[in-house]
Every structure is written in structure tokens, then in C-alpha cells.
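Enquirer: Need a 3D model of the sequence below.
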Amino acid sequence: MTPEQEIESLSTQLRRWNEAYYQQDAPSVTDAEYDRTLARLRDLESQYPDLRQPDSPTQRVGAAPLDGFSTIEHKLPMLSLDNAFSDDDLIAFNARVEERLGQTNGALRYCCEPKLDGIAVSIIWHRGRLLRAATRGDGYTGEDITLNVKTVPNIPLVLKSGGWPELLEVRGEVYMPRDGFEKLNARARAAGEKTFVNPRNAAAGSLRQLDSRITARRPLALCAYSLGYTEGESPLPEYHSDIMALLGEWGLPISEYARTVTGVDGCIGYYNDMAVRRDGLPFDIDGIVYKIDQLALQQRLGFVSRAPRWAIARKFPAQEESTELIDVDFQVGRTGAITPVARLQPVFVGGVTVSNATLHNADEIDRLGLRLGDQVVVRRAGDVIPQVVSVLIDRRPSDTRAIAFPITCPACGSAVERDEGEAVYRCVGGLVCPAQRKAALRHFVSRKAMDIDGMGDKLIEQLSDLQLITGIADIYQLTADDLMGLERMGEKSVGNLLHAIEASKATTLPRFIYALGIREVGESTARQLAQYFGTLESLMQATPAVLLEVDDVGPVVAEHIHQFFGEVQNISSIDRLRASGVHWPDLTEAVAQDAPLAGQTWVVTGKLEVMGRDEAEATLRALGAKVASSVSGKTHSVVAGPGAGSKLKKAQTLGLEILDEAAFLKLLERLQ
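Expert: Reported below is the predicted structural model:
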């Protein structure tokens, strides 16, 4: 599996889990497996930054709001936390913090508290009265759950005392105590109703009822864990722990188990103490949260993408089990990459029965020293395909056999090759290979590409096997007669699909480039290519040297793009798509050449308080600028908010124009 394929697969899986967790209130994976999968995706994106998608699960939190609720935009994003899984991870985190702050005496003060297993919420009080509440949602926009939150008994509708800001936002976790959970399920069983899987699932399902009267009957509670956005003059303490104490004085429930400790040893001691007490707590926790206590140090440390640099969650251990490796199958992906998949003696891990696991590539098999018949340790890192993490050598049977990669493609019989320096074996059959063809079709119709709703994997299998489509352009030649009679395709389904196909003809240049499935060209790179060239014709005619002028495009990606547009069959497919009515506006048409910032390249970094980074970048593009993800000698100006790090330093080194948010907003007022 190529990095692009693995990133796409991991992202898709994480989005499914997010949807099940946040929208359906039916978690399909344990937190441990989710965390490991997210960590693997983050590692891959760190190695291949040009493959990182703007809406990658590493960049966003949770899932989109339900249609049944109105939405609320968070004034400050509700970020997630990076995870630590061992003492070594925590020590490494502390070392990074100390290095950034220039403090190496081990005396950093941390605030520690249990990580409750519930649903994150934002609650706002205006002049001391509860105004509105929202779920975390996607981290930027959440569901309006104000009516439901008002039914939670320990959430004050009016704050106590005084001295609070005019507008006060508090973030916290709504959870269901274990005792209340057991009573709720007992009532459900007695009434013959469906029971909840766990307290977190019960809390999420209760808080996100469209009928707040149902919420009112559920045993929910809030535990506040941080301050959010505030307005109005009101001096606040300089330490997070003191702010939490102040919230307690105002009537908000805070954790009675929170402690401040000194240094990483104090953090480890708190973790060990809570691990012993965990089973006796009145609520479920899945780890410990550590935060740098001093707010000034938090501001110096800033943020990275979806998480603060000044906080981390130490998770409790994941489940692992041992089982037998029975066989290894080989699957062929969109770019011809051949991926080994372990077939296992079924074993119950992390709440599900596991019978297969990913092995990634030949190098991973060699690293593990894996042989058929081995006893292996399986860690659940996915809903369908967990990971084989090690081999139990001392339990190796005498009759194990070596794992041999195929010399011909298991799907089409074409030759299999492995390029020098690559870990991946590939089928050279191209679109002759049915497995590659089907994978290319699945990519083309996916949500971030042409977004053809209703054309799922099973339908693509049928259409491809029946030779009704042999390439992406054939999709737009399908008729009702072709589709009627196929499995699960009645008259209504056929009509909906044909409508979706027709609607997909109106697309954008970045989407179309991404949909083509060019090797190593993810959504971000496709957007950069579209912005740089403006038209597909210009991109198609570009030489590798010209392609290297585009941000995020290196020599390997440039060569892949050049080779793709050098293939006659690819050009033929594009011509057929256009002849079928697929169209998009050229970006050069959308932005006039005399636009105020035409020809300039800008970079936005750090946290912007008034407008989000996405809005700032969109505004810059509307004014004619190109927006890059990295600073270089071609960069004209940099907008730097709080938390800006290496990009700001590089801009300073290069002597570039740097604007803070206030200066940037003044510039926009002048230009608009």
C-alpha cells in the first residue's frame, strides 16, 4: 500500500468512526484503537506533508452536525488533544515543552485531572445567565443543544457570586455516572427497549435528543475542564488551576480529583494513583489530561493543527491478544500497490472478533520476522483490519513457512515490480487490472472527488464485472436500462443515481484534478496545482521543471504528474469526460489579473482571533493571492497569529513582510 493509499484508507476509516461516535451515538471502535489509528495517520502525514488533506481527521475533530439541530460556530475552535500511551511518551512530551520554553530544571507546573468518557460541550453565559450550548461537532461548528443542556441538573442557569466576564464560555464534558447508567439500562430492559453499550454512548445519545424532555429524564452531569472565549473586562487568574477554582465559585461543577504537580515525575505519580483508583470512581475515565498550568506559558507554546502544544492525554493501556497467523492474502489497490493482509485464527480483541489484520508491506513483514503459522500479538487498530504488532518467537511452531510475495498480480496476472528505494510491490497492469480499475472508480466517485452519491463499492463491483464500465468516463454513459435489475437497484435508486451522476458534471478544477487519481496527488496538492496553473490545459502541458515551482510538489510528485498526462489513455478519458458534459470554471476566470493581490503568494500561520485561518485564506484567494502551506523565498507576506512557530521564524530569517491579525484586518479593509 502506498502512503497515499494508506492515508486515504486511514482517513476514511477515521471518518466512519467519527460518524458512528458523534452522529449515531454508536461507537464502533474502542478509544485505544482510534487513538492508534490517528497516530499512524499523523505519522504518515508528517512524512508526506503533501498528502495531508485539509479535512484530514488529524486537522479536524469529530463529525459534522446532525441535520436535526441548528448549528453554532465556535468563536475559538474546540481542539482535541494529542495522546501519550506510556511513561516514555509523557517524558518525551515534557522534554519538548521544556525545550520550547528553555526550561530544563524539571520544575514545570502541570494541572492533572481524569479524562472523563463523555461528550464535549461548549456552554456560554451572558451576564451570568445561560445563553446557549453546543456540541464540539467538527471542532469549528457544533450542534445547538441549549434546551437539552438546561435540563442537566448540575449546570447552573444563573452563575453565582459575581465578577464573571460579560460573555463567558466554558468547555466541559457531559457524562453519565455509572450508577445512573445501570439504572437507565435496568429501566430499558424492563420495558423491553434497547440498552446502551456504555455510559459514554448513553450520555451522547441523551444529550443529542431532539426532544429535550427525554434528556431531562436521563441522569446526566457536567464536569467543566477549561475556559473558552470571553468578552468584557474581568481580570482572570494567571493559572489554569486557579481559573477552574474560580469557575467552581461561580457554581460550575469541576473535578474534585484535579491536582497540580511539579515535573514529569509528578505527572507519572498522579497517573499511577488514578490507575489504581479508576475502578472505584463513580464515572468512567479513559485516561489522564495534563495541562501546563501557567497561561502565559500556554500562550508561548501555542498550537499545532488540531491540538495544543501545552496539553496531552495519557491514555490507559490498549487491549492486545495473541492468535495464530493462518495465511496471508494480497490485495491490489488503485495505483497497483499490493498489500498483504493477515488471515488470523479469530480472536476477541477490543470488543470485536478479529480475523484479519494489516501487514502494510514486505518491509513490515521482514521487520516482524513473520512466518505462516506463527503465534502473533494483535492490537486492534481498526474496525475491520487491526495490526499485527509482534511475533511470539518463543511459541513458534516447528512447521512455520516463509511468506512469499507474488511475482504476478493476483488480480490480473501482470508482472509485479518493486522500484528501488520503495517498500511497495506494484502490479504493472494499469487499467488492464480489474482490481486497479475498480479502486480507481471508487476514488473517482468519492465524496472529495466527483461526489457521486449512491455509487458504492458493491455497485462498482457489479458494473465493472459486467463490463458496463471499464473506466471513469463510462460512468457518464450509464442509462436506466443498464442499471435496472442490478442488485438493490430499483426504479427509485436508479433515478437517484442518474441524478447524482448528472449533478456531478458541474465540479471544480481542484476536485477534478484530485478525482483523476494521479499518484501522490492528494486533495491539498490538487488544490495547489489548480491555483498555480488556473486551467487544466496549462497543467497538462507543464514540464517537471515547471511543476516543481508549485508549493508542495517535489521531484517524485512532479514526475508522476508529468507521466500521467503523457499517457494517451488518460488524455482520452479526460476528453470523453468533457464531451459528456463534465465541466468546471477555470480559476483564472474567477480571479481577475488586476485583483489587488494577484501574483502574490501568502502564508497564514498561528491562531487568528477574529477570523479563522480558513476564512483568512479564502479572503486572500478572493483578492487574487495564492495561499501556500509553507514559507519560501517566493512568499510575499505572512499573516502570523499567536502560536506561530517555525513558519514565523523562517519568514523573519528571510526578511519577509509579517502582519499580525490587526494589521491584516486593516489591509483587508483598505483592499475591499
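Enquirer: Pull out the buried residues from stretch 452-467.
Expert: Neighbour-count burial for stretch 452-467, counted by 16 or more other Cβ atoms under 10 Å, picks out 452, 454, 455, 459, 460, 462, 463, 464. (Each C-beta comes from the backbone N, C-alpha and C, glycine too.)
Enquirer: oh sorry, the question was meant for stretch 635-646
Expert: 635, 637, 638, 639, 640, 641, 643, 644, 645.
Enquirer: With those residues in mind, say which one has the least confidence in the model.
Expert: Lowest pLDDT of the buried residues of stretch 635-646: residue 643, 66.
Enquirer: Could you look up the next helix or strand downstream of the least confident helix or strand in the chain by mean pLDDT?
Expert: The helix or strand of the chain with the lowest confidence, counting by mean pLDDT, DSSP states H and E, is helix 587-590 at a mean of 57. Remark: after helix 587-590, the chain's next helix or strand is strand 601-605, criterion DSSP states H and E.
Enquirer: Which residues outside that next one are in contact with it?
Expert: 551, 613, 616-617, 620, 625-631, 634-641, 644-645, 647-648, 651 (Cβ atoms under 8 Å, 6 or more residues apart in numbering).
Enquirer: List the pairing partners of it within its sheet, with orientation.
Expert: In the sheet, strand 601-605 lines up against strand 626-627 (parallel), strand 637-640 (parallel) (DSSP bridges).
Enquirer: that older thread, what is the most widely separated pair among the buried residues of stretch 452-467?
Expert: 454 and 464 (16.0 Å; Cβ to Cβ).
Enquirer: picking that back up, from the buried residues of stretch 452-467, which single one is nearest residue 58?
Expert: Closest approach to residue 58 among the buried residues of stretch 452-467 (Cβ to Cβ): residue 452, at 26.3 Å.
Enquirer: Verify the contact between the closest one and residue 499 for me.
Expert: No - the pair residue 452 and residue 499 does not pass the contact test of Cβ atoms under 8 Å, sitting 10.1 Å apart.
Enquirer: in which helix or strand would I find residue 551?
Expert: Here residue 551 is assigned to no helix or strand, by DSSP H and E.
Enquirer: Residue 413 now?
Expert: Assigned by DSSP H and E, residue 413 falls outside every helix and strand.
Enquirer: picking that back up, generate a markdown table for the buried residues of stretch 635-646, with distance to residue 561 as supplementary columns.
Expert: Formatted as a markdown table, the buried residues of stretch 635-646 follow (distance: Cβ to Cβ, whole Å):
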| residue | distance to residue 561 |
| --- | --- |
| 635 | 23 |
| 637 | 28 |
| 638 | 28 |
| 639 | 29 |
| 640 | 32 |
| 641 | 33 |
| 643 | 34 |
| 644 | 31 |
| 645 | 30 |
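Enquirer: for the record, mean pLDDT for stretch 144-157?
Expert: pLDDT averaged over stretch 144-157 gives 88.
Enquirer: how about that stretch: buried residues?
Expert: 144, 145, 146, 147, 148, 149, 150, 151, 152, 155, 156.
Enquirer: Are we agreed that the last one is in a helix?
Expert: I take that to be residue 156. No - assignment of residue 156 by DSSP: H, G, I helix; E, B strand; the rest coil gives coil, placing it outside any helix.
Enquirer: mind listing what it touches?
Expert: Taking Cβ under 8 Å, 6+ apart, one finds 130, 250, 251, 252 in contact with residue 156.
Enquirer: If we use 6 Å, what do you get?
Expert: residue 251 (Cβ atoms under 6 Å, 6 or more residues apart in numbering).
Enquirer: distance of it from residue 123?
Expert: 10 Å (Cβ to Cβ, to the nearest Å).
Enquirer: Verify the stated contact: residue 530 with residue 507.
Expert: No - between residue 530 and residue 507 there is no contact under Cβ atoms under 6 Å: 11.2 Å.
Enquirer: who's more crowded, those two?
Expert: Taking other Cβ atoms under 10 Å, residue 530 and residue 507 do not tie; residue 530 has more neighbours (23 against 19).
Enquirer: end to end, how far does stretch 281-300 reach?
Expert: 35 Å (Cα to Cα, to the nearest Å).
Enquirer: Show me what counts as buried in that stretch.
Expert: So, applying 16+ other Cβ under 10 Å, buried residues of stretch 281-300: 283-295, 297-298, 300.
Enquirer: so residue 189 sits in a helix?
Expert: Yes - with three-state DSSP as the criterion, residue 189 is part of a helix.
Enquirer: number of nearby residues for it?
Expert: Residue 189 has 11 neighbouring residues, counting by other Cβ under 10 Å.
Enquirer: Nearest the geometric middle of this protein, what residue?
Expert: residue 57 (0.3 Å; Cα atoms, centre = their mean).
Enquirer: Quick check: that one vs residue 617, distance?
Expert: Distance from residue 57 to residue 617, by Cβ to Cβ: 20 Å.
Enquirer: Residue 205 now?
Expert: 36 Å.
Enquirer: Equivalent analysis for residue 361, please.
Expert: 35 Å.
Enquirer: cool, residue 123 as well?
Expert: In terms of Cβ to Cβ, residue 123 sits 30 Å off from residue 617.
Enquirer: neighbour-wise, which of the two wins?
Expert: residue 123 (26 against 20).
Enquirer: Now do the contacts for the more buried one.
Expert: Counted by Cβ under 6 Å, 6+ apart, residue 123 has contacts 133, 170.
Enquirer: which residues of the stretch 401-550 of the chain fall in strands?
Expert: 416-417, 425-427 (DSSP state E, counting those that start in this stretch).
Enquirer: helices and strands around the last one, which ones?
Expert: Packed against strand 425-427, as judged by 3 or more Cβ pairs under 6 Å, 6 or more residues apart in numbering; DSSP states H and E, are the following elements: strand 416-417.
Enquirer: now, among the buried residues of stretch 452-467, which is nearest to residue 659?
Expert: residue 452 (41.6 Å).
Enquirer: Grab the nearest non-local neighbour of that closest one.
Expert: The shortest distance from residue 452 to any non-neighbouring residue, by Cβ to Cβ, 6 or more residues apart in numbering, is to residue 445 (4.0 Å).
Enquirer: surely that neighbour meets residue 455?
Expert: Yes - between residue 445 and residue 455 there is a contact under Cβ under 6 Å: 4.5 Å.
Enquirer: Heading C-terminal from the helix or strand containing residue 364, find the next helix or strand.
Expert: Taking DSSP H and E as the definition, one finds residue 364 inside helix 362-368. Later in the chain than helix 362-368, the nearest helix or strand by DSSP H and E is strand 375-379.
Enquirer: And for whichever helix or strand comes after that following strand, what's in contact with it?
Expert: Moving toward the C-terminus from strand 375-379, the next helix or strand (DSSP H and E) is strand 387-391. Among residues not part of strand 387-391, those counted as contacts by Cβ under 6 Å, 6+ apart are 342, 357, 368, 369, 370, 374, 376, 377, 378, 379, 381.
Enquirer: Also stretch 392-410?
Expert: By Cβ under 6 Å, 6+ apart, the surrounding residues in contact with stretch 392-410 are 328, 330, 362, 365, 371-375, 416, 425, 427, 429, 433.
Enquirer: Show me how to select, in PyMOL, the buried members of those residues.
Expert: Buried members of the contacts of stretch 392-410, defined by 16+ other Cβ under 10 Å, are picked up in PyMOL with:
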select buried, resi 328+330+362+365+371+372+374+375+416+425+427+429+433
